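> Provided below for reference: sequence and predicted model.
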Amino acid sequence: QVQLVESGGGLVQAGGSLRLSCAASGRTFSDNSMAWFRQAPGKERELVAVINWSGSSTYYVDSVKGRFTISRDKAKNTMYLQMKTLKPEDTAVYYCAANDIKYGGIYYREVRQYDYWGQGTQVTVSS
């Protein structure tokens, strides 16, 4: 059974940092693009960042550029999201996702383009 399991969420004050992890099991995603999405209450799920299959290319939405860093450790089959200078508007449930396209790039930026999803981890930033 393929699983993506997020961890590392929590409550933090504005300006603080958190590091999210996404551990994959059941198969390897070393040849696939992976991404972080988030969903705030009453809003649609939105892309945060994408990393290509090799880890050599990344994409960030403007609202997190310069504050968040996406990375992956193929040996551990794990993806990370380092979040710094957090703002109250970053409050959301964060989801990791992976697709089945081999040697994928960073142009997979929509929910429908991902085949596997984690259960989500809550990030709450207080002002």
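Arrived safely, thanks for sending. Residues are numbered from 1 along each chain as shown.
> who's in contact with the spatially most central residue of the chain?
Geometric centre of the chain, nearest residue: Trp36, 2.1 Å, by CA atoms, centre = their mean. Residues near Trp36 by CB atoms under 8 Å, 6 or more residues apart in numbering: Leu20, Cys22, Leu47, Val48, Ala49, Ile70, Met79, Leu81, Tyr94, Tyr95, Cys96, Ala97. The C-beta positions use only the backbone N, C-alpha and C, and glycine is treated the same way.
> what's the helix or strand for Phe37?
strand 32-39 (DSSP states H and E).
> Pairing partners for that strand, with directions?
Within its sheet, and counting by DSSP bridges, strand 32-39 is paired with strand 46-51 (antiparallel), strand 92-102 (antiparallel).
> So which of these is the most surrounded?
Mean neighbour count (mean count of other CB atoms under 10 Å) peaks for strand 46-51 among these, with a mean of 22.
> before we move on, the earlier item: dump the residue contacts of the closest residue in space to the residue nearest to the centre of the chain that isn't next to it in sequence.
Excluding the flanking residues, the one nearest Trp36 by CB to CB, 6 or more residues apart in numbering is Val48, at 4.3 Å. Counting by CB under 8 Å, 6+ apart, Val48 touches Ala35, Trp36, Phe37, Arg38, Tyr60, Val61, Val64, Phe68, Ile70, Leu81, Tyr94.
> Mind doing that once more with 6 Å?
Trp36, Arg38, Val64 (CB atoms under 6 Å, 6 or more residues apart in numbering).
> now it: how far from Ala75?
As judged by CB to CB, to the nearest Å, Val48 and Ala75 stand 24 Å apart.
> got it, and Arg67?
From Arg67 to Ala75 the distance is 27 Å (CB to CB).
> So for those two, which residue has more residues nearby?
In terms of neighbours (other CB atoms under 10 Å), Arg67 is the more surrounded of Arg67 and Ala75; the figures are 15 against 7.
> surely the more buried one meets Lys84?
Yes. Arg67 lies in contact with Lys84 (CB atoms under 6 Å); the separation is 5.3 Å.
> what residues do these two have in common as contacts?
By CB under 6 Å, 6+ apart, no residue touches both Arg67 and Lys84.
> Distance to Thr124 added to the strands paired with strand 32-39, as a markdown table?
Putting those into a markdown table (distance: least, CB to CB, whole Å) gives the following:
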| stretch | distance to Thr124 |
| --- | --- |
| strand 46-51 | 16 |
| strand 92-102 | 9 |
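> Sweet, I'm off.
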